[in-house]
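Colleague: coordinates only, sequence not included:
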Ligand code: C2E
Ligand code: MG
Ligand code: MG
C-alpha cells in the first residue's frame, strides 16, 4: 500500500506521541506503586507500634475486653485483613479478621471450625498480603506479639483505576494533538504541495496557470520557483509552436499549419454545406530575382508578397507560405466561381504592383492554381494536388495567370506520371533513338552539319515528341541519364561515320539546363577522349534558361567548354529572356533564331523587323546565325538576302533517322564539294578578325 506524505507524517506523530505517553505512564506506574507500597508499610508500622505500645498494660491486667477493643479498632483501618495479639508462647489472645476479604472468606467456607492460627498459616502463601510482626515488651520482658496483615488489593484496585483514568486522558491528548498537528500539516504543507502537483500536471498537458504564493517559507519559495519554471516552459512551448507552425521569414502559417487549417475548413464546410477555395500561388521567375538582385532582395520580395496577400484578404481567410516562393490562400464560404475569379485577380494585381526592393524597381508576377471544395476534391491531399496541378498548368500556359482545376488536368497529370515511369525503362529497352536534321549554308546549301534530335518510340503511344517528354525528364532529373546517352550515342556515331570515310560535319547537340548543372564539361571531355571526337565536331545547343542558374558555376562550365574548343550555340533565341546582357557576359559562337520568328517571313512585318534586328546584332557580336524551321523558298530567300548564314528546316530536310542520314551524307558526298566543319571555319574567321 502506498502511503501519502500526510499519512506518513500522521503515523510518525501518533507513534511518537503514543510512545512518549506510554513511557510516561510506565514511569508513573513504577514510581507510584513503590510510593503506595511504602505508604502501606508505613501504616502497618504505625499500627503495630501503637498496638504494641498500648497492649502491655491490658495483657498484664488480663483486660481482654480492652485488648479486644484494640483489635476491633483495626476494622476501621482500610487494607487491614487481620490483626492478632498472641501470647509470648504464641497463643492467640485477641484478634480481628476481615471476613469480607476474599481469601479469608474462601478459607472460612472450607474450614469453618478452624482457629485463627490456622487461618494465618493459610494466608502465609498469599503474595498480595504484607505481613508484619511486632513484639509487645514490658521492662525488657516479652509479653506477646502483634501480628498484622495488610492487603495490597485495594491499593492495587485504586492504582488501576487511577491508571485507567490517566491512560484515557493521555489517549485523548494523543488523539487531539495528532488531529491538530495533522490539520496544521495538511493546511500548511500538504495543501500547497497538492496545489503544486496539480499545477505540474496542468503544465504537462500544456495548460499554464500560476500557483498562488501564500507564504515566504520554503514552500512559498518552491511555488515562486515553480511559477518561474512554468513561465519558461510556456515561452519555450510558444517558441516551439511558432517554429513548428509558422514561417520564420514572413510570419505566415507554414505548410503544417496550412494543412491543419484545410482539415478544419473541410470539416466546417461539410457541416455548413459551403464551398471554399484553395489558391496555390507561385512567384514566376523568383530564381532570377535571387540571382540578379541577391538573396536579401529575394527575401524582401517574399515578405512583401506575404504582406500584400494578407492585406488583400479578410482576416478569416488563411494565407500560408508552403516553402520557397509558394504560397497558399484558403478562402472560405465562396458563393460562386465569379467571386473566386475576382479574388484571384485581386491577388495577381496585388503581387504585380511595382515595388522598390534593394534600390530597384521590381514587378513581381505569379501563377495561381485554384481548387474548389467539394467540386475538385474532398480531402486535403486531393485539393492540394489539384490546386498544385492547376498552378503547374498556369505556369505552363504562359505565367502571370490564374487557372481553375479541371478533370482534364487530372487526366494529364496521371498521363504525365505514367510517362515518367515509362521513361525510366526507355533507354534499357531501346525505345530511344537519334534523328539528325541537316543544317545547310543558306546561300549555297552546302552541308555543314546536323542537329541531333532525340526520339522516343513508346511501345503503346508510338512516337512521343521531345517537346513533351524532355521537360518531364528535366523536372524529374531523368534528363541527366538520357542526355548522357544522347551525347555518347552521337559521339559514337560521329566516329563510326568518320572511320567509314563519311564527312558528317558538326553535330549540334541539345543540352538541358538540368544536365548542365552536373559537372557537364568534365563528362563531355571524357566522352570526346573515349570516342576520339575532335572538339570542332561538336556544337552544344543551350537555351537561355541555363544562364538563369548560378552565374559563377555556369560561367565556369562555359569557359571550360570554350577552352576545350567546343562551339556554343544559343538555342531558341527570342523566345526566352533574350537578355542582351547574357550575350555580352557569356560568349557564344552561334545564335539560333527560333522558328516562331521564321514562320511569318517574309509577310509578317513584325517577324521581318525582329529577324533583321537579330541578324544585325549577331553581326555586331560576330556570331553565326542559324535560322530554324525554314519551311519554304520565300523564307529561305528572305533570310539569304538578309545575310543569314545557316538554315535548318523541313524545306532543306526533315530530321532523318540514322540510316537515312547516312544515305543523305553518302549522296551529298558523291555529288558536291568536300564538306567543311562550320565551327572550324567560324573559328578561323574569328582568328582572322582578331588578327
Ligand atoms: P529545338 O532544339 O529547337 O529543335 C528544333 C525542333 O524544330 C525539332 O523538334 C525539329 O524537328 C523542329 N523542326 C525542324 N525544322 C522544322 C520546320 O521546318 N518546321 C517545324 N515546324 N519544325 C521544325 P523536335 O525534334 O520535336 O524537338 C523539340 C525540342 O526538343 C527541341 O527543340 C529541343 O529543345 C528538345 N530536344 C530534342 N532533342 C533533345 C535532346 O537530345 N536533348 C535535349 N535536352 N533536348 C532535346
Ligand atoms: Mg535545338
Ligand atoms: Mg530551337
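Modeller: The structure has been received and is ready for your questions. In this text the structure is predicted, and so the values were computed from the model without any measurement. Ligands and ions are numbered 1, 2, ... in the order given.
Colleague: show me the contacts for the residue lying closest to residue 17 once chain neighbours are set aside.
Modeller: Leaving aside its sequence neighbours, residue 17 sits nearest to residue 174 (CB to CB, 6 or more residues apart in numbering; 4.5 Å). Any C-beta I mention is one placed from the backbone N, CA and C, and that applies to glycine too. Counting by CB atoms under 8 Å, 6 or more residues apart in numbering, residue 174 touches 14, 17, 18, 21.
Colleague: and residue 15, how many neighbours does it have?
Modeller: Neighbour count for residue 15, taken as other CB atoms under 10 Å: 12.
Colleague: ugh, wrong one, residue 334
Modeller: Neighbours of residue 334 (other CB under 10 Å): 18.
Colleague: Spell out which residues of this structure are next to ligand 1.
Modeller: Contact residues (CB under 6 Å from any ligand atom) of the chain with ligand 1: 437, 453-454, 465-467, 470, 483, 486, 510-512, 541, 571-572, 595, 628-631, 648-650, 655.
Colleague: Which single residue of the stretch 351-500 of the chain ends up nearest ligand 2?
Modeller: Using CB to the ion, residue 451 is the residue of the stretch 351-500 of the chain that sits closest to ligand 2, at 5.5 Å.
Colleague: element containing the most centrally placed residue in the chain?
Modeller: By CA atoms, centre = their mean, the chain has its centre lying nearest to residue 244, at 6.9 Å. Using DSSP states H and E, residue 244 maps to helix 218-245.
Colleague: ok, now residue 507?
Modeller: Going by DSSP H and E, residue 507 is in strand 506-510.
Colleague: Whether that strand contacts ligand 3 - can you check?
Modeller: No. Strand 506-510 lies out of reach of ligand 3 by CB under 5 Å from the ion, never closer than 7.9 Å.
Colleague: Make 17 the first number, not 1, from now on.
Modeller: Okay, using 17 as the starting number, the last item reads as strand 522-526.
Colleague: and that strand, what's its mean pLDDT?
Modeller: In this model, strand 522-526 has a mean pLDDT of 97.
Colleague: what does stretch 588-597 give?
Modeller: The model assigns stretch 588-597 a mean pLDDT of 74.
Colleague: Ramachandran angles for the residue lying closest to residue 113 once chain neighbours are set aside?
Modeller: Distances taken as CB to CB, 6+ apart put residue 98 closest to residue 113, at 4.8 Å, once the chain neighbours are dropped. Main-chain torsions, residue 98, degrees, to the nearest 10: phi -150, psi 160.
Colleague: likewise residue 447?
Modeller: phi -90, psi -10.
Colleague: Can you give me the distance of it to ligand 1?
Modeller: Taking CB to the nearest ligand atom, to the nearest Å as the criterion, residue 447 is separated from ligand 1 by 14 Å.
Colleague: ok, now residue 242?
Modeller: 66 Å.
Colleague: So which residues of the stretch 367-516 of the chain form strands?
Modeller: 371-373, 376-378, 382-389, 418-420, 448-457, 463-474, 478-480 (DSSP state E, counting those that start in this stretch).
Colleague: got TSV for the ones you listed, with mean neighbour count too?
Modeller: Below are these laid out as TSV (neighbours: other CB atoms under 10 Å):
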stretch	mean neighbour count
strand 371-373	15
strand 376-378	11
strand 382-389	25
strand 418-420	22
strand 448-457	21
strand 463-474	21
strand 478-480	12
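Colleague: Out of those, which is closest to residue 42?
Modeller: Proximity to residue 42, assessed across the strands of the stretch 367-516 of the chain by CB to CB, is greatest for strand 382-389 (87.0 Å).
Colleague: and the helix ranked longest in the chain, what does it pack onto?
Modeller: Looking across the chain with DSSP state H, the single longest helix is helix 21-76. Helix 21-76 sits against helix 80-89, strand 96-103, strand 145-154, strand 157-167, helix 169-201, with contacts defined as 3 or more CB pairs under 8 Å, 6 or more residues apart in numbering; DSSP states H and E.
Colleague: Please identify the buried residues of the longest one?
Modeller: Residues 169, 171, 175, 179, 182, 186, 190, 194, 197, 198, 201 are the ones in helix 169-201 that count as buried (16 or more other CB atoms under 10 Å).
Colleague: Was I right to think the second one contacts residue 53?
Modeller: Yes. With contact defined as CB atoms under 8 Å, residue 171 counts as touching residue 53 (7.5 Å).
Colleague: Grab the nearest non-local neighbour of residue 278.
Modeller: residue 396 (5.0 Å).
Colleague: what's the answer for residue 648, then?
Modeller: residue 667 (5.8 Å).
Colleague: gap between the one you found and residue 650?
Modeller: Distance of residue 667 to residue 650, computed by CB to CB, to the nearest Å: 10 Å.
Colleague: Comparing those two, which residue is more hemmed in?
Modeller: Ranked by neighbour count (other CB under 10 Å), residue 667 and residue 650 place residue 667 first, with 16 against 13.
Colleague: show me the contacts for residue 163.
Modeller: With CB under 8 Å, 6+ apart, residue 163 has these contacts: 98, 99, 100, 101, 102, 136, 147, 148, 149.
Colleague: so what's it bridging to?
Modeller: Beta-bridge partners recorded for residue 163 (DSSP bridges): residue 100, residue 149.
Colleague: Please tell me how far it sits from residue 152.
Modeller: 11 Å.
Colleague: what does residue 574 give?
Modeller: Distance from residue 574 to residue 152, by CB to CB: 150 Å.
Colleague: Next: residue 444.
Modeller: With distances taken as CB to CB, residue 444 is found 144 Å from residue 152.
Colleague: Residue 474 too?
Modeller: Taking CB to CB, one finds residue 474 at 150 Å from residue 152.
Colleague: Equivalent analysis for residue 426, please.
Modeller: From residue 426 across to residue 152, the span is 138 Å (CB to CB).
Colleague: quick one, which of those two is more surrounded?
Modeller: Taking other CB under 10 Å, residue 426 and residue 152 do not tie; residue 152 has more neighbours (24 against 17).
Colleague: can I assume the more buried one is in contact with residue 70?
Modeller: No. Here residue 152 does not reach residue 70: they are 9.4 Å apart, not a contact under CB under 8 Å.
Colleague: Overlap in contacts, those two.
Modeller: What both residue 152 and residue 70 touch, as defined by CB under 8 Å, 6+ apart, is an empty set.
Colleague: What's the per-residue pLDDT of residue 49 here?
Modeller: Reported pLDDT for residue 49: 78.
Colleague: need the contact list for it.
Modeller: residue 175.
Colleague: Who is the residue nearest to residue 609 when sequence neighbours are not counted paired with across the strands?
Modeller: Using CB to CB, 6+ apart and skipping the chain neighbours, the partner closest in space to residue 609 is residue 643 (4.9 Å). Note on residue 643: beta-bridge partners by DSSP bridges are residue 609, residue 663.
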